[in-house]
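Student: show me the folded form of this:
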Amino acid sequence: MSKTGASSLPAPGNKPDWLKVKFPAGENYRRIDQYHRIQGLNSVCRSAACPNQGECWNKGTATFMILGNNCTRTCSFCNIGNLPVTPPDPQEPHKVANAIAELKLNHAVITSVTRDDLPDGGAGQFAALVREIKECSPNCTIELLIPDLQGNLEALATILQETPHILGHNLETVPRLYSQARPEADYQRSLNVLKQVQILAPTVITKSGLMLGMGEEYAEVMAALHDLRDHGCQIITLGQYLAPTREHYPLKRYVTPDEFADLAAYGRHLGFDHVEAGPLVRSSYHAEEQFNAGKATARG
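Tutor: Alright, predicted model coming up:
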């Protein structure tokens, strides 16, 4: 993204070389892929069509998705399906924690669909899963990527009482694009979720992410980074938006690796403990490395 908002890059549809990834393969990939199929577990790696599935699974890292495979919101950028939703599976925390133990994961990432139909937004399910993971895999680092819970601070406290290592909530884009990209969300509400984490559980690391290439201006990204730091966010991810289908929010442009590097430098200047920025970066990309880098910066 140029600072003027102009671009001389290929028109969307002509994917540049830096966005091309190898076909998934490898022993760990096959092992995790087979486990998902046999156990019937939901993975955001598949549901959100993540381009890093092969790399992450080869490293033995997977992002589990709980509370079903359909969402109560209609974000136009997202590949996850909408209604109807089903009641939460009371056995899900045990199943996912058991999978994490059997796969011998060192860093587990758990996210969910948004469940506005539930009084607590699914907070109880997150909390139960953290408890189960700590029992089955006491040395595993636990990272949660949660919805905004409709701003329900009691629900947020329910999750934080179990002290996951990282609590993430993504802004996704700049406020001007919310009405088009995520109409049921609220920019300030999302910022407040991150701020409240620091108030309710100051030892829990906070994390957020932005997708670029949706039509945002450079100044808007800078302003969003400022907002995140002002609300206590410690780790930030910046990645390229890729429209799942032609029916989704349209891709406006490809952001170059050099532009991502510039924004990463700016984020470090603002004081983030760690910035992960690049065309293929997603919330859980290099998640364990992000956590370790953030801890090292905080100690320094």
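Student: gap between the closest residue to Gln198 other than its chain neighbours and Phe126?
Tutor: Nearest non-adjacent residue to Gln198, counting by CB to CB, 6 or more residues apart in numbering: Gly232, 3.8 Å away. Placement of C-beta: from N, CA and C, glycine included. As judged by CB to CB, to the nearest Å, Gly232 and Phe126 stand 20 Å apart.
Student: show me which of those two is the more surrounded one.
Tutor: Phe126 (30 against 15; other CB atoms under 10 Å).
Student: contact partners for the more buried one?
Tutor: Residues in contact with Phe126 (CB atoms under 8 Å, 6 or more residues apart in numbering) are Ile66, Ile110, Ser112, Leu144, Ile146, Thr158, Ile159, Glu162.
Student: in helices, which of these appear?
Tutor: Applying DSSP state H to the contacts of Phe126, the entries found in helices are Thr158, Ile159.
Student: from the contacts of Phe126, which is closest to Ile100?
Tutor: Set against Ile100, the nearest of the contacts of Phe126 by CB to CB is Ile110 (8.8 Å).
Student: I figured Asn170 was touching Thr206, is that so?
Tutor: No - counting by CB atoms under 8 Å, Asn170 stays clear of Thr206, with 11.5 Å between them.
Student: what's the closest non-adjacent residue to Leu149?
Tutor: Closest to Leu149 by CB to CB, 6+ apart is Gly121, at 3.9 Å.
Student: the one you found belongs to a strand?
Tutor: No - looking at Gly121 with DSSP: H, G, I helix; E, B strand; the rest coil, it is coil, so not inside a strand.
Student: longest single strand anywhere in this protein?
Tutor: Criterion DSSP state E: the longest strand present in the chain is strand 205-212.
Student: for whichever helix or strand comes after it, buried residues please.
Tutor: Counting by DSSP states H and E, the next helix or strand C-terminal to strand 205-212 is helix 218-230. By 16 or more other CB atoms under 10 Å, the buried positions in helix 218-230 come out as Tyr218, Glu220, Val221, Met222, Ala224, Leu225, Asp227, Leu228.
Student: could you check how far the second one is from Arg176?
Tutor: Put plainly, it is Glu220. The value you get for Glu220 to Arg176, if CB to CB is used, is 6 Å.
Student: give the contact list for Asp186.
Tutor: Asp148, Gly151, Tyr178.
Student: gap between the last one and Gly271?
Tutor: According to CB to CB, Tyr178 and Gly271 sit 25 Å apart.
Student: higher neighbour count, those two?
Tutor: Tyr178 (18 against 9).
Student: would you confirm that the more buried one contacts Arg189?
Tutor: No - counting by CB under 8 Å, Arg189 is not a contact partner of Tyr178; they are 10.4 Å apart.
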